[in-house]
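[1] predicted model, plus sequence, below.
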Amino acid sequence: MPRALLSVSDKNGIVDLARGLAARGFELVSTGGTGRALAEAGLAVTNVSDLTGFPEMMDGRVKTLHPALHGGILARRDRPDDLAALERHGIELVDLVVVNLYPFVKAASNPATSFDALVEEIDIGGPSLVRAAAKNFRDVLVVVEPADYSRLLAALDETPSVAFRFELMRKALAHTAAYDTAIAATLAAVTVEGDRFERALSGAAKVPGTATAAPYDNTLEISLEKIRDLRYGENPHQKASWYRPSSTFGGHGFGRAAPGGLGEAAILQGKELSYTNLLDLDAAARIALEFDEPAAVVIKHSNPCGAATGDSPLDAYVRARDADSLAAFGGIVALNRPIDVPAAQAIASTFIEAVIAPSVDAAARDVLARKTNMRVVTADFRPAGSAGVEFRSILGAMLMQERDLVAEARQPWIAASLPEGLRVVTKRQPTADEWAALRFAWRICAHVKSNAVIFTDARRTLAVGAGQMSRVDAVNVAVMKAGTADRSLAGSVAASDAFFPFRDGLDGVAKAGATAVVQPGGSMRDPEVIAAADEQGLAMVFTGRRHFRH
C-alpha cells in the first residue's frame, strides 16, 4: 500500500485531498492538527508518533525529525542497498509528501507579534520533509501548494510523469527557499538592545526625516515567482519575463505582505502586455498616486507627456491628454479613480496602448471593449506615502534604495505654514495661486527623467522637458514643446528636479513666461540664480530636497 504523509499549516482542501488519496489506496500518515482534521472527517489516519515510536516533544518542536520518516522518503527505489537498510530497521517507504510550512510571513506582518513568538513560527521539520522529498523526486511526489491537489489526484490516476515530478520538486524547493528568505529578511530588521529584541514594524528601513534609517543587512536574498513570460523585452531579440515577490517573501517592505501594484494586477482585456508597457504603466501609476483628488497621466517612454487633476476622471483624463495631444497618441494612461463610462468613452476616442486604474465600472468595460487591442489593467495601488525599497540591476550587481517619496508635497503649500525645508529665497513671495501651481509642478517633476524642467499651472502640465544632458536643454525642450502646441507659457510656474548650476537655465524659464519657480537649491551659484530671479521679478522657492530620476 502506498503511503502519504500529510502535514500542513494551510488546511484548505486537505480533507478532500485525503479522501481522494484514501480512495486510491493510500495509507494516510499525519501530525497534530492535520491528523485531527482528517480524523474528524472520518478518515483513517496513522499518527506520526505511532510510526516513529516517539511522541511529539517540546510543544511540537520535535515530531517529524526521525529516520523512520526520512529513511522512507529518501530511500532510492533503484538502490538495493537503500532498500536493504530500510528492511533491517523496519522502515516502510513514503511515496507522497504533502507539506506546507508554518505561517511565518503572516505572523511577521502583524506588528503585535513579539520577537520570541516570531521565532516559534520558524518551521524546522516541515522544510526538512519537503527538501528530502524534493531530493528524491523520481520516487517521491512532493506537494506544497493546495492549488496542485487536483492535479496530483489526476496524475495518480495515470502514471505521474517525470516532468510532473520535476515540476513539483522545483516548486517545493522554491517554497523552502522563499520561506528562508522571508525569515532572513524579517530578522534583518530586528535590532538588539542589551538582551531585548526590537522589531521594526515593516522590513523596510525607515524613511529619512521620520526616524533614524536602519542600515541594510550585509546579505539580502530575494525570492520571486513568475507571473508570465513576455513576448520579448525592450526589443524583439531580447527575452523577458514578469515576476512578483514570492507569497512567502515579506522582507524589506517589498513583499506581498502589503499587496498592491503590478505584482497583483488584473488584465481585463487587450493584447499581451509588453516589457515596455509594464515600465510605462509603473511610471504612470506612480504619478497618479501622488494625488488625492481625481488625477490622470499620459506616459510615453516612461516620461509624462501630460498630467492633470480634475473634477472627475473624465475631466482629469481630457486635461492630461490635451496637455500634449500629439505625444499622447499611442500613450499609456493611468487614473487614480475607477474608470466610469464618460472617462471610458474619452479614452476609447484616443489611440491608447494601455490604461491602468484601481477598477473599471461594469458599463465602462463594455465601452473599453470596443478597443479590442487596448490593454486594460486594474491594480490595488499602494498609497503614495507607502514606504518601501526598490531594486535595480546593473552589470554584475544589484542596487537597492529607499523609494523616493515626495513627502514635502503631501500637504498643501500655504505661505503661513510651509513644510519643513521649504523657503522663499527671492524678494517676491509666491501668490496663493502660484503656491498651488508650484506644489503641483513639484509632484510631477519628481517623476520626470533627469535632467528635468517642467512648466505647469495649478492643475495640469503645460510643457515637459525631460531627460536632457543639461538643465538649459531641458528648458529649451519644454519651450519647444509648448511652441509646437501653440501654447503660451505666460503666467505658468516651473519646476526643476535639481538646482540650476548657472543663471542661464533660470533666464530661459523667465523668458518663457513663468512667474514662479521651485527647485531644491544647493548650488555654489545660488546667490547668482536668486539675483537673476529678483532681477526678473520671479518668486522662487527652495525645497532643500532633490528628486533625480534616472
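    The structure has been received and is ready for your questions. Residues are numbered from 1 along each chain as shown.
[2] my guess is residue 319 meets residue 308, correct?
    Yes: using C-beta atoms under 8 Å, residue 319 is in contact with residue 308, at 3.6 Å. For every residue, glycine as well, the C-beta is placed using N, CA and C.
[3] the two: who's more crowded?
    Neighbours were tallied for residue 319 and for residue 308 using other C-beta atoms under 10 Å; the higher tally belongs to residue 308 (27 against 20).
[4] just how off-centre is the helix or strand containing that one within its chain?
    Element membership for residue 308 (DSSP states H and E) is strand 303-309. Taking C-alpha atoms, centre = their mean, to the nearest Å, one finds strand 303-309 lying 23 Å from the centre of the chain it belongs to.
[5] what does that strand contact?
    With contact meaning C-beta atoms under 8 Å, 6 or more residues apart in numbering, strand 303-309 is reached by 283-284, 287, 291, 293-299, 316-317, 319-324, 327-328, 331, 440, 444, 447-449, 459-461, 464, 466-467.
[6] pull the CA atoms of that strand into CSV?
    Extracted in CSV, the C-alpha atoms of strand 303-309 (Å, rounded to 0.1, in the frame of the first residue of the first chain):
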residue,chain,number,x,y,z
ASN,A,303,8.0,60.2,-19.1
PRO,A,304,4.8,62.1,-18.7
CYS,A,305,3.6,64.0,-21.8
GLY,A,306,0.6,65.2,-19.8
ALA,A,307,-0.6,65.1,-16.3
ALA,A,308,-3.6,66.8,-14.7
THR,A,309,-6.1,66.8,-11.9
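[7] average pLDDT for that strand?
    For strand 303-309, mean pLDDT rounds to 96.
[8] low-scoring stretches of this protein, by residue?
    53-65, 200-219, 221, 247-260, 382-387 (pLDDT under 70).
[9] for it, identify the residue most remote from the centre.
    residue 88 (52.9 Å; C-alpha atoms, centre = their mean).
[10] helix/strand/coil for that residue?
    helix (DSSP: H, G, I helix; E, B strand; the rest coil).
[11] that one and residue 75, how far apart?
    Using C-beta to C-beta, to the nearest Å, residue 88 is found at 12 Å from residue 75.
[12] do the same with residue 1
    From residue 1 across to residue 75, the span is 16 Å (C-beta to C-beta).
[13] looking at the two, which is more packed in?
    Taking other C-beta under 10 Å, residue 1 and residue 75 do not tie; residue 75 has more neighbours (21 against 7).
[14] quick check: that one vs residue 24, distance?
    With C-beta to C-beta as the criterion, residue 75 and residue 24 are 22 Å apart.
[15] what do you get for residue 44?
    The value you get for residue 44 to residue 24, if C-beta to C-beta is used, is 14 Å.
[16] centre of the chain to the longest helix seen in the chain, how far?
    Longest helix in the chain by number of residues (criterion: DSSP state H): helix 162-187. Its chain's C-alpha centre and that of helix 162-187 lie 20 Å apart, by C-alpha atoms, centre = their mean.
[17] give the buried residues for that helix.
    Judged by neighbour count using 16 or more other C-beta atoms under 10 Å, the buried positions of helix 162-187 are 164-165, 168-169, 171-183, 185-187.
[18] then stretch 224-244?
    224, 225, 227, 230, 242, 244.
[19] out of these, which comes closest to residue 374?
    Using C-beta to C-beta, residue 230 comes nearest to residue 374 of those, at 17.7 Å.
[20] what's opposite that closest one in the beta bridge?
    Assessed by DSSP bridges, residue 230 has beta-bridge partners residue 240.
[21] quick one: residues contacting it.
    Residue 230 sits next to 240, 241, 242, 272, 273, 274, 275, 278 when contact means C-beta under 8 Å, 6+ apart.
[22] any idea which element the spatially closest residue to residue 153 that is not a sequence neighbour lies in?
    Nearest non-adjacent residue to residue 153, counting by C-beta to C-beta, 6 or more residues apart in numbering: residue 20, 4.5 Å away. Using DSSP H and E, residue 20 sits in helix 14-23.
[23] CA-only coordinates of that helix in PDB, if you can.
    Below are the C-alpha coordinates for helix 14-23, written out as PDB (Å, rounded to 0.1, in the frame of the first residue of the first chain):
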ATOM      1  CA  ILE A  14      -6.600  18.900   2.700                       C
ATOM      2  CA  VAL A  15      -9.600  16.800   3.600                       C
ATOM      3  CA  ASP A  16     -10.800  16.400   0.000                       C
ATOM      4  CA  LEU A  17      -7.200  15.500  -1.000                       C
ATOM      5  CA  ALA A  18      -7.000  12.900   1.800                       C
ATOM      6  CA  ARG A  19     -10.300  11.400   0.700                       C
ATOM      7  CA  GLY A  20      -9.000  11.200  -2.800                       C
ATOM      8  CA  LEU A  21      -5.800   9.500  -1.700                       C
ATOM      9  CA  ALA A  22      -7.600   7.000   0.500                       C
ATOM     10  CA  ALA A  23      -9.900   6.100  -2.400                       C
END
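[24] show me what secondary structure element comes after that helix.
    The helix or strand immediately downstream of helix 14-23 is strand 27-30, counting by DSSP H and E.
[25] quick one, helices of the stretch 401-550 of the chain?
    In the stretch 401-550 of the chain, the helices defined using DSSP state H, counting those that start in this stretch lie at 432-445, 471-484, 503-512, 526-535.
[26] counting contacts, what elements does the first one pack onto?
    Using 3 or more C-beta pairs under 8 Å, 6 or more residues apart in numbering; DSSP states H and E as the contact criterion, the elements in contact with helix 432-445 are strand 303-309, strand 453-456, strand 493-496, strand 516-519.
[27] now the third one, how far from the centre of its chain.
    In other words, strand 493-496. Distance of strand 493-496 from its chain centroid, counting by C-alpha atoms, centre = their mean, is 30 Å.
[28] could you list the paired strands of it along with their orientation?
    Strand 493-496 has the following strand partners under DSSP bridges: strand 453-456 (antiparallel), strand 516-519 (parallel).
[29] which other residues reach the first one?
    Spelled out, it's strand 453-456. Residues outside strand 453-456 that contact it (C-beta under 8 Å, 6+ apart): 437, 440-441, 444-445, 448, 461-466, 471, 474-475, 478, 482, 489, 492-497, 505, 509, 512, 514.
[30] between residue 319 and residue 308, which contacts overlap?
    Common contacts of residue 319 and residue 308 (C-beta under 8 Å, 6+ apart): 296, 459, 460.
[31] show me just the buried residues among the contacts of strand 303-309.
    Among these, those classed as buried by neighbour count (16+ other C-beta under 10 Å) are 283-284, 287, 291, 294-299, 316-317, 319-324, 327-328, 331, 440, 444, 447-449, 459-461, 464, 466-467.
[32] that older thread, could you dump the helices of the stretch 401-550 of the chain into TSV and include distance to residue 192?
    Below are those laid out as TSV (distance: least, C-beta to C-beta, whole Å):
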stretch	distance to residue 192
helix 432-445	39
helix 471-484	46
helix 503-512	49
helix 526-535	44
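[33] residue boundaries of the strands in the stretch 251-400 of the chain?
    Using DSSP state E, counting those that start in this stretch, the strands of the stretch 251-400 of the chain run over residues 266-269, 295-300, 303-309, 331-335, 352-357, 375-378, 389-394, 397-402.
[34] mind giving me the packing neighbours of the second one?
    When contacts are defined as 3+ C-beta pairs under 8 Å, 6+ apart, strand 295-300 packs onto helix 275-288, strand 303-309, helix 313-322, helix 325-328, strand 331-335.
[35] hmm, 7 Å instead?
    Applying 3 or more C-beta pairs under 7 Å, 6 or more residues apart in numbering; DSSP states H and E, we find strand 295-300 packed against helix 275-288, strand 303-309, helix 313-322, strand 331-335.
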